[in-house]
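>>> 3D, please:
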Amino acid sequence: MLRLMRFNSHNQGIGHIYGTKSRQTSVGATSFLTGNARMASLLPAAMRMASLQKDCAAALPPMFGTCDVLSFEDTQLVLATPTSAVAAKLKQQLPKLQAALQKRGWQINNIRLKVQVTRSIPAVVHTRQLDFPQTAVAAFEELGNTLPENAQNASLIAAIKAMAARRR
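Residues are numbered from 1 along each chain as shown. This next block holds a predicted model:
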C-alpha cells in the first residue's frame, strides 16, 4: 500500500514526498531528483521511505514524532530516536508497530532502534533593524501620546514611545 505521487502535466513533475516534515523541502527535493536522470532513479526509493515514515507516524503515539526511519532493508527496519529514554519507551511499542506496519503491507520481521543524539541548533537572532519612514515614526509618537494612560496600557505606551525614540 505505497502512497506514491504520480507526475503528470498538471503538476509538471514537482510533487510532495509524503511523510516529510516540510512541504517546501519536499517539493524542492522532488524537483531536484526529477531534474537529473541519475538522481531521478532515487525518487522511488525516497518515496518509499517517506511512505514508510508516514505509516510509522500513524501507527505510533504522538510522543514518538521525533523518531525517523533510517533504513529498511531485507525486512529489517531501523528507526532513529533522539534519546535513549525515547528508545526505551519506543521499545515497548515495537510489537504494536510491527503489527500495524504489516497490516499496511510492509514486510517487517525485525525493528532496530538507533539513538542519534543531535546537537541543538542555536536560535536565529535577527540583528537587522527595520527602517521606518519619518511619517511612521511620527504616527507611533502620536499613538503613544494619545492612548489613554491606565494600568492596562502602561507597558504598551512605554514600548511605543521607546521604539519611536530609537527610530528618531
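>>> Any figure for the gap between the residue nearest to M63 when sequence neighbours are not counted and A46?
Nearest residue to M63, sequence neighbours excluded (C-beta to C-beta, 6 or more residues apart in numbering): K89, at 7.4 Å. The C-beta positions use only the backbone N, C-alpha and C, and glycine is treated the same way. Counting by C-beta to C-beta, to the nearest Å, the separation of K89 from A46 is 29 Å.
>>> I'd like to know how many residues surround Q53.
Using other C-beta atoms under 10 Å, Q53 is surrounded by 20 other residues.
>>> Wait, a strand at it?
No. Read with DSSP: H, G, I helix; E, B strand; the rest coil, Q53 is helix and lies in no strand.
>>> Pull out the buried positions in stretch 141-148.
Going by neighbour count (16 or more other C-beta atoms under 10 Å), the buried part of stretch 141-148 is 141, 144.
>>> Let me know the helix or strand that K161 is in.
Per DSSP states H and E: K161 is located in helix 154-167.
>>> Can you show me the CA trace of that helix as CSV?
Only the C-alpha atoms of helix 154-167 are listed here, as CSV (Å, rounded to 0.1, in the frame of the first residue of the first chain):
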residue,chain,number,x,y,z
ALA,A,154,1.1,51.4,30.6
SER,A,155,3.6,48.9,29.1
LEU,A,156,2.2,49.4,25.6
ILE,A,157,2.6,53.1,25.8
ALA,A,158,6.2,52.8,27.2
ALA,A,159,7.1,50.3,24.4
ILE,A,160,5.7,52.5,21.6
LYS,A,161,7.4,55.7,23.0
ALA,A,162,10.7,53.8,23.3
MET,A,163,10.5,52.5,19.8
ALA,A,164,9.7,55.9,18.4
ALA,A,165,12.6,57.4,20.3
ARG,A,166,15.1,54.8,18.9
ARG,A,167,13.9,55.5,15.4
